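*Asks:* Have a look at this fold, sequence not included:
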């Protein structure tokens, strides 16, 4: 198990009694880096990562195990599994430029083992793989990012804007994952260093103009999503920061508060009586 | 009004949690003037002309753009299968009580309220606290917190996530101007329910008692005051993006005209 590198903000347990971080993990958007960071920050016992098929789904977990979950993450669409947690969701997602994401996933699946895409399309050269993905409806095509964030099969742009602005506490770009992890460090009072995980193998793959056009045509909404998030992410990140500041006392204040509470707890009963408690 | 407005409200519903003596009447009045009285459903219904949302059929519900009333969050809006954009104004607990008391003095025949209006202010405050009537015992927090009930974590989440915007009573003109600019409607809230009496000094001991018994409301108000520029800007950005998504031609207002350009000088100074 990866342990946190410093004492956790004592207010964290109280925070997670009411709230649940829900990370919509869109493949190849630095989601593994984010999950790795939050796992080191919170401790593995507080993270439920649904990527491996053998991990029990929330519905299958006993209530006491569900209560220990602080971060729910996986390749599921917005809203899935949340009803099994009687807590308010704080939803997070990262998105990426669709062509970069497609190439990154193609390289990842081609070089790795166990991904279902390996046998379905990654054995083909990239142009053919893209066409195969479109044909079978699998992989990072047909606005997969928008579909995942909205939970809709054919979202409209207004559905996507609503998801980014209202359904998610924050959506930011893959390249801002360090800003997001630094924000969690600051709010939870633990200085866990950033560590990039699951980064692709070096080496560029060229994509021909015709294939690029095909990707652009079949992912128009995902391009728009990426541009919207890139344009607004400073504001969106600020929104998460304010939410966490408001609901999670700063680590030093929480330590002081806990000490005061301990003192009050050990105060003689007569003192309580004097205050009319 | 552009076709984009109708398209916007086919998918969304403004839900105004009207907390008494916070400028809520001015906002409700503005929404009626801007969108048309029939589009704003006041709860409880405004006279006999409008129905209870639970009793309306789908066609009648689809005509409604905004719900407004003294109901807690997450209650009546469930009858409308649209995205709910919750809006609330909040006020300083002591100033609210002064305004509320003045309203009682102006309506001495009200069957429930007259018992307090007959008392001097300090005694009326004590009686209201005891009777749990009026703007006491964190009434604002209870309304905004909805079923969750008042506690700070739930309130902070409500302000930051559940509500599309919460701002202070003093910013009602700004909020109305922003909505007007985004939807291409005239600006200018009518302060129909504004105090007709002069505010008066509240004895320090009464003010302290009010703040003590409304500690959560005070915290909520202070939080909103500190953050309302951001909260208003976030709402404005949402409206702009959403209206642009629905009808690119209709989204004409710039951020400057929507947020800052119509802001009265006094508020600019206070919020600077």
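*Replies:* Ah, there it is. Given the structure is predicted, the values throughout are model-derived calculations rather than measurements.
*Asks:* Please count neighbours and contacts with C-alpha atoms only from this point.
*Replies:* Fine.
*Asks:* List the backbone torsions phi and psi for the closest residue to residue B:11 other than its chain neighbours.
*Replies:* Nearest residue to residue B:11, sequence neighbours excluded (CA to CA, 6 or more residues apart in numbering or on different chains): residue B:82, at 5.3 Å. For residue B:82, the backbone dihedrals (degrees, to the nearest 10) come out as phi -140, psi 170.
*Asks:* where in chain A is pLDDT low?
*Replies:* Counting by pLDDT under 70, chain A has low-confidence residues at A:1-7, A:199-203, A:251-277.
*Asks:* So which residues on it come close to chain B?
*Replies:* A:15, A:18, A:157-158, A:161-162, A:165-166, A:169, A:239, A:242-243, A:246-247 (CA under 8 Å from any CA of the partner chain).
*Asks:* State which strand of chain B is the longest.
*Replies:* Under DSSP state E, the strand in chain B containing the largest number of residues is strand B:83-90.
*Asks:* Of the residues of chain A next to chain B, grab the buried ones for PyMOL.
*Replies:* Burial among the residues of chain A next to chain B is assessed by 16 or more other CA atoms under 10 Å in any protein chain shown; the matching PyMOL selection reads:
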select buried, chain A and resi 15+18+157+158+161+162+165+166+169+239+242+243+246+247
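*Asks:* Just put the residues of chain A next to chain B in JSON lines and tack on secondary structure and distance to residue A:41.
*Replies:* Formatted as JSON lines, the residues of chain A next to chain B follow (DSSP: H, G, I helix; E, B strand; the rest coil; distance: CA to CA, whole Å):
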{"residue": "A:15", "secondary structure": "helix", "distance to residue A:41": "15"}
{"residue": "A:18", "secondary structure": "helix", "distance to residue A:41": "19"}
{"residue": "A:157", "secondary structure": "helix", "distance to residue A:41": "35"}
{"residue": "A:158", "secondary structure": "helix", "distance to residue A:41": "35"}
{"residue": "A:161", "secondary structure": "helix", "distance to residue A:41": "30"}
{"residue": "A:162", "secondary structure": "helix", "distance to residue A:41": "30"}
{"residue": "A:165", "secondary structure": "helix", "distance to residue A:41": "26"}
{"residue": "A:166", "secondary structure": "helix", "distance to residue A:41": "26"}
{"residue": "A:169", "secondary structure": "coil", "distance to residue A:41": "19"}
{"residue": "A:239", "secondary structure": "helix", "distance to residue A:41": "21"}
{"residue": "A:242", "secondary structure": "helix", "distance to residue A:41": "20"}
{"residue": "A:243", "secondary structure": "helix", "distance to residue A:41": "19"}
{"residue": "A:246", "secondary structure": "helix", "distance to residue A:41": "20"}
{"residue": "A:247", "secondary structure": "helix", "distance to residue A:41": "18"}
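*Asks:* out of the residues of chain A next to chain B, what pair is the most spread apart?
*Replies:* A:15 and A:157 (33.4 Å; CA to CA).
*Asks:* From the structure, what's the count of residues near the closest residue in space to residue B:23 that isn't next to it in sequence?
*Replies:* In space, and not counting its chain neighbours, residue B:23 is closest to residue B:169: 5.2 Å by CA to CA, 6+ apart. Residue B:169 has 23 neighbours, counted by other CA atoms under 10 Å in any protein chain shown.
*Asks:* for residue B:169, what are its contacts?
*Replies:* Residue B:169 sits next to B:22, B:23, B:24, B:89, B:90, B:91 when contact means CA atoms under 8 Å, 6 or more residues apart in numbering or on different chains.
*Asks:* how about the helices in chain B?
*Replies:* B:3-11, B:24-35, B:58-62, B:93-106, B:114-117, B:121-131, B:139-145, B:152-157, B:172-183, B:204-213, B:215-246, B:255, B:265-271 (DSSP state H).
*Asks:* Serialize the ones you listed to TSV and add fields for mean pLDDT and mean neighbour count.
*Replies:* Formatted as TSV, these follow (pLDDT from 0 to 100; neighbours: other CA atoms under 10 Å in any protein chain shown):
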stretch	mean pLDDT	mean neighbour count
helix B:3-11	91	16
helix B:24-35	94	22
helix B:58-62	92	14
helix B:93-106	91	21
helix B:114-117	82	18
helix B:121-131	95	16
helix B:139-145	92	25
helix B:152-157	94	21
helix B:172-183	94	25
helix B:204-213	96	16
helix B:215-246	96	20
helix B:255	45	16
helix B:265-271	31	11
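*Asks:* Show me what from the stretch 51-200 of chain B comes close to chain A.
*Replies:* Close to chain A, as judged by CA under 8 Å from any CA, the stretch 51-200 of chain B has residues B:152, B:153, B:156, B:157, B:160, B:161, B:164.
*Asks:* Could you dump the residues you listed into TSV and include distance to residue B:67?
*Replies:* Converted to TSV, those look like this (distance: CA to CA, whole Å):
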residue	distance to residue B:67
B:152	26
B:153	26
B:156	23
B:157	22
B:160	20
B:161	19
B:164	14
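*Asks:* Go through the helices of chain B and name the closest to residue A:188.
*Replies:* Nearest to residue A:188, of those and by CA to CA, is helix B:152-157 at 15.8 Å.
*Asks:* ok, and what's touching the closest one?
*Replies:* A:15, A:18, A:243, A:246, A:247, B:141, B:144, B:145, B:148, B:216, B:220.
*Asks:* again, only this time at 7 Å
*Replies:* A:243, A:246, A:247, B:141, B:145, B:148, B:216 (CA atoms under 7 Å, 6 or more residues apart in numbering or on different chains).
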